[in-house]
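In: mind folding the following:
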Amino acid sequence: MILEFLKTVAMAYRAPRRSARAMLDRAPSMTDCALMVVLATLVQAIFGTLVDLALSGDGPSMSALGARMTEMALNFFMFAVLTAGAYGLGRRFGGRAEAPDMARVVAWHLLVTAFLAPLNLLGIHAITSASPEDGASALALLAPVSVGLSIWLFAAFVAEAHGFRRVGLVAVATVGGFIALGFVMMILATLFSLAPPPA
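Out: Numbering: from 1, shown residues only. The predicted structure follows:
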């Protein structure tokens, strides 16, 4: 069963549109989509613990547990935002996906890309631990490679759900959407930081 699951995940990287179509044909319920988001968080947590052990020898702690709970909340937030954004924007440009279909491919994307966590963690560690004299190592390239692959998979999944033929255009729209979302998040963070403390 686990081997079949890993084969299904691997197919998402080899043939992303075919993988998205298979997920749409299975038509998982919204409960199943929520479970995929939870499983994605667990996969990220496992890889995070393994990388921490390999790099620093530190095992999981209570603070790490709190971080994982925050990560799960963030994953559900991203699931909601990406589903609404990809559905609404795609429909404006002639997409045919229904909201449940978009939720299915977004949840599947979160689970599939959870397996990119080691690349992100190693890349970020290489960047943050680099000395000014030596610069970052080649491992620093793993982070942007992981982000690029994640965006391409997301674009392919969304294109398949909406019935778009050109994945490249969807990828450009995805990058633009992420940039806009980043600006909104920065504005919100600024507003919260400027708000007066509670009495």
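
In: neighbours around Ala138, how many?
Out: 8 (other CB atoms under 10 Å). Where you see a C-beta, it was placed from the backbone N, CA and C, and this is true even at glycine.

In: look up how far Thr49 lies from the nearest residue to it once chain neighbours are set aside.
Out: Closest residue in space to Ala138, ignoring its immediate chain neighbours: Ala126 at 7.9 Å, by CB to CB, 6 or more residues apart in numbering. Using CB to CB, to the nearest Å, Ala126 is found at 19 Å from Thr49.

In: try Thr31
Out: 27 Å.

In: pick out whichever of these two has more residues nearby.
Out: A count of neighbours by other CB under 10 Å puts Thr49 above the other of Thr31 and Thr49, at 15 against 8.

In: which strands and helices sit next to the host helix or strand of the more buried one?
Out: Applying DSSP states H and E as the criterion places Thr49 in helix 30-55. Counting contacts by 3 or more CB pairs under 8 Å, 6 or more residues apart in numbering; DSSP states H and E, helix 30-55 packs against helix 62-92, helix 99-113, helix 117-128.

In: at 10 Å what do you get?
Out: Using 3 or more CB pairs under 10 Å, 6 or more residues apart in numbering; DSSP states H and E, the elements in contact with helix 30-55 are helix 16-26, helix 62-92, helix 99-113, helix 117-128.

In: got a list of what the residue lying closest to Met102 once chain neighbours are set aside touches?
Out: Nearest in space to Met102, with sequence neighbours left out and distances taken as CB to CB, 6+ apart, is Tyr87 at 4.2 Å. When contacts are counted by CB atoms under 10 Å, 6 or more residues apart in numbering, Tyr87 touches 95, 97-103, 106, 158, 161-162.
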